[in-house]
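In: here is my input; please provide its structure:
(2 chains)
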Amino acid sequence: DGGITQSPKYLFRKEGQNVTLSCEQNLNHDAMYWYRQDPGQGLRLIYYSQIVNDFQKGDIAEGYSVSREKKESFPLTVTSAQKNPTAFYLCASRVRAGVSPYEQYFGPGTRLTVT
Amino acid sequence: GNSVTQMEGPVTLSEEAFLTINCTYTATGYPSLFWYVQYPGEGLQLLLKATKADDKGSNKGFEATYRKETTSFHLEKGSVQVSDSAVYFCALTSNSGGSNYKLTFGKGTLLTVNP
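Out: Residues are numbered from 1 along each chain as shown, chains lettered A, B, ... in the order given. Got it, this is the predicted structure:
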């Protein structure tokens, strides 16, 4: 079955360490996205990529970095510069950016706890 | 810019009760509208969508009608079940102004259905 996988489901890190969250999709989607979810705040866009080797900042990109070397993969690195990294991180993809259908499909998420 | 305002809740209902979760929006251009559902500890699943005015999206007994005159997309279900307990997100994407890469979410509404 096609879908989006995120690993691991739970991740624990010490403050000051960088950490990379994995996102893989086998839907053959061009566009991929990273969101952060905090209680009571809905979802906020961190980064997105419309095509391989290209990505753009979303609304809250500070302290994060991404790469898009393969169509299937869009890893997110949470750096030590991110002041409040503890959150639930969701990866999503869409068939193609800019054309219908516009809906995005989400992975199961990674819960990151930094202490 | 685009924005989505939805009933914040929490909403608590008894099984078989009628559900309404209000959602209103502001957007440039002609948005597509979505309802996503998030079960505890999981990612978001697309529940239903509508892409133009007066369209009715429906799935699993849930319905929502795209009302351009009132800029609303209220979610309804005639008889809720315990298994409907989840967080519901209203969202939009607009195909105008170069922003159609991005979903704008409401803050989510927690629904709890008691037996």
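
In: excluding covalently adjacent residues, which one is nearest to B:Leu75?
Out: B:Ile21 (4.4 Å; CB to CB, 6 or more residues apart in numbering or on different chains). Every residue, glycine included, has its C-beta placed from N, CA and C.

In: was I right to think that neighbour contacts B:Glu8?
Out: No: applying CB atoms under 8 Å as the test, B:Ile21 and B:Glu8 come out as separate, 9.9 Å apart.

In: follow-up on the earlier one: distance of the residue nearest to B:Leu75 relative to B:Thr71?
Out: B:Ile21 is 16 Å from B:Thr71, where distance means CB to CB, to the nearest Å.

In: does any bit of stretch A:57-76 sit next to chain B?
Out: Yes: Stretch A:57-76 reaches chain B (CB under 8 Å from any CB of the partner chain) through A:Gly58.

In: tell me how far A:Val114 lies from A:Ala87.
Out: The spacing between A:Val114 and A:Ala87, counted by CB to CB, is 9 Å.

In: tell me who's in contact with the residue nearest the centre of chain A.
Out: Nearest to the centroid of the C-alpha atoms of chain A, with distances taken as CA atoms, centre = their mean, sits A:Trp34, at 2.7 Å. Contact analysis of A:Trp34 by CB atoms under 8 Å, 6 or more residues apart in numbering or on different chains lists A:23, A:45-48, A:58, A:64, A:66, A:74, A:76, A:89-92.

In: quick check: closest non-adjacent residue to it.
Out: A:Ile46 (4.3 Å).

In: from chain A, how far off is the residue lying closest to B:Thr104 once chain neighbours are set aside?
Out: Leaving out its chain neighbours, the residue that sits closest to B:Thr104 by CB to CB, 6+ apart is B:Asn2, at 4.4 Å. For B:Asn2, the distance to chain A (CB to the nearest CB, to the nearest Å) stands at 12 Å.

In: so B:Asn2 sits against B:Pro31, correct?
Out: Yes: counting by CB under 8 Å, B:Asn2 touches B:Pro31, with 7.1 Å between them.

In: what about A:Val114 and A:Ala87, which has more around it?
Out: A:Ala87 (22 against 18; other CB atoms under 10 Å in any protein chain shown).

In: and B:Ile21 and B:Glu8? which has more neighbours close in?
Out: Higher neighbour count among B:Ile21 and B:Glu8: B:Ile21, with 24 against 13, using other CB under 10 Å.

In: what residues are shared contacts of B:Asn2 and B:Pro31?
Out: Residues touching both B:Asn2 and B:Pro31 (CB under 8 Å, 6+ apart): B:Tyr25, B:Leu92, B:Ser94.

In: where does chain B have low pLDDT?
Out: B:95-101 (pLDDT under 70).

In: hmm, 90 instead?
Out: Scanning chain B for pLDDT under 90 picks out the ranges B:1-2, B:7-9, B:27-31, B:40-41, B:52, B:93-103.

In: how about chain A?
Out: Residues of chain A that meet the cut-off, pLDDT under 90, sit at A:1-2, A:39-42, A:50, A:95-104.

In: what comes up buried for stretch A:46-55?
Out: Neighbour counts over stretch A:46-55 (16 or more other CB atoms under 10 Å in any protein chain shown) mark A:Ile46, A:Tyr47, A:Tyr48, A:Ser49, A:Gln50, A:Phe55 as buried.
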